[in-house]
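Undergrad: How does the following fold in three dimensions:
(one chain, ligands or ions: 1)
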Amino acid sequence: MPKNKNFRSVGFCVDCDKQLYLTRGAAKAVARLFPGEHKTPYKCPVMKQYFHIGGLSREVIAGTYSRGDIYGQAS
Ligand SMILES: [Zn+2]
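TA: All right, here's what the predicted structure looks like:
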């Protein structure tokens with residue numbers, strides 16, 4: 001996957017090991033570049049004014065979701 005797809009990123013969150021996006025809309029636009037990977041925008045738990053995109057397991061860690069049907073996506 002080409003790394004230059006994160007053109008809307010405004011930085012990198014070392015706490016989450018993820019790109020930072022200014023708005024949920026920007027994160028969502030980037031997430032759409034990864035169809036089928038179930039990437040969705042969620043608020044960074046550390047720098048709360050920014051957003052990340054990620055899979056379900058990350059969101060569970062961030063407390064965004066508490067679904068019980070997560071696959072075993074370790075890291
Ligand atoms: Zn973060």
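
Undergrad: Now for Lys39: which residues touch it?
TA: Shown in contact with Lys39 (C-beta atoms under 8 Å, 6 or more residues apart in numbering): 30-31, 53-55. In this view, the C-beta of every residue, glycine as well, is placed from N, C-alpha and C.

Undergrad: cool, and Ala27?
TA: Ala27 sits next to 8, 21, 41-42, 51-53 when contact means C-beta under 8 Å, 6+ apart.

Undergrad: Repeat the analysis, applying 10 Å as the threshold.
TA: Counting by C-beta atoms under 10 Å, 6 or more residues apart in numbering, Ala27 makes contact with 8-9, 18-21, 39-44, 50-54.

Undergrad: so where is the protein shaky, pLDDT-wise?
TA: 1-8, 56-75 (pLDDT under 70).

Undergrad: need the residues of it near the ion, please.
TA: 13, 16, 44, 46 (C-beta under 5 Å from the ion).

Undergrad: Report how many residues lie close to the second one.
TA: In other words, Cys16. 19 (other C-beta atoms under 10 Å).

Undergrad: my read: it touches Lys48, true?
TA: No. With contact defined as C-beta atoms under 10 Å, Cys16 does not count as touching Lys48 (11.8 Å).

Undergrad: which stretches of the protein form helices?
TA: Remark: helices assigned in the chain by DSSP state H are 24-31, 56-62.

Undergrad: What residues of the longest one count as buried?
TA: When neighbours are counted by 16 or more other C-beta atoms under 10 Å, the buried residues of helix 24-31 are found to be 24, 26-28, 30-31.

Undergrad: Show me the two of these that sit farthest apart.
TA: Pairwise distances across the buried residues of helix 24-31 (C-beta to C-beta) peak at 10.9 Å, for the pair Arg24 and Val30.

Undergrad: Which neighbours do these two have in common?
TA: With contacts taken as C-beta under 10 Å, 6+ apart, Arg24 and Val30 have 41, 51, 53 as neighbours in common.
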